[in-house]
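In: I'll drop the sequence and a predicted model, then ask my questions.
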Amino acid sequence: MNFFISDAMAAGAEQPSAWTGLLPMVILFVVFYFLLIRPQQKKAKEHANMVNEVSKGDEVVTTGGLLGKIKKVGENFVQLELSESMVVTVQKPQIAQLMPKGTLKSSS
């Protein structure tokens with residue numbers, strides 16, 4: 001007995017199209033785009049807008065965890081007052097979060 005498919009039966013079978021192999025990869029890319037890439041781009045855009053809109057008197061937290069009040073805003077740097085006698089210069093992109101007014105007084 002021959003349990004294998006005969007050559008005549010195999011010849012009648014159709015070959016899958018090239019799109020059949022690419023379809024799972026396309027679906028995977030679309031899922032990654034909507035779940036990972038797009039939200040990350042949106043977050044980066046929001047951070048860039050926030051950094052460009054900081055002004056003197058705003059209270060911010062840096063990526064290093066420093067909480068202070070902005071004393072001077074330059075093109076690439078800001079001067080951040082940590083206490084009455086301590087002012088540090090920080091790069092603008094290192095500002096992580098804009099805090100509500102009065103946060104500095106309540107944290108002391």
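Out: Structure's in. What do you need? What you see is a predicted model; the values in this text were computed from it and never measured.

In: and the most centrally placed residue in the chain, how close does it get to residue 53?
Out: The structure's the chain has its C-alpha centroid closest to residue 40; by Cα atoms, centre = their mean the separation is 3.1 Å. Residue 40 is 21 Å from residue 53, where distance means Cβ to Cβ, to the nearest Å. To be clear about C-beta, it is placed using only N, CA and C from the backbone, and glycine gets the same treatment.

In: going along the chain, name the strands of this protein.
Out: 59-62, 67-73, 77-83, 86-91, 95-99 (DSSP state E).

In: just checking: what are the partner strands of the shortest one?
Out: Looking at strand 59-62 with DSSP bridges, its partner strands are strand 67-73 (antiparallel), strand 95-99 (antiparallel).

In: among those strands, which comes closest to residue 23?
Out: Proximity to residue 23 (Cβ to Cβ) singles out strand 95-99 among the strands paired with strand 59-62, at 41.1 Å.

In: could I get the average pLDDT for that closest one?
Out: The average pLDDT within strand 95-99 is 94.

In: which parts of that strand are buried?
Out: Buried residues in strand 95-99, counted by 16 or more other Cβ atoms under 10 Å: 95-96, 99.

In: show me where this structure dips below the pLDDT cut-off.
Out: 1-16, 107-108 (pLDDT under 70).

In: show me the domain layout of it.
Out: What automatic domain parsing lists as the domains of the chain is 17-49, 55-107.
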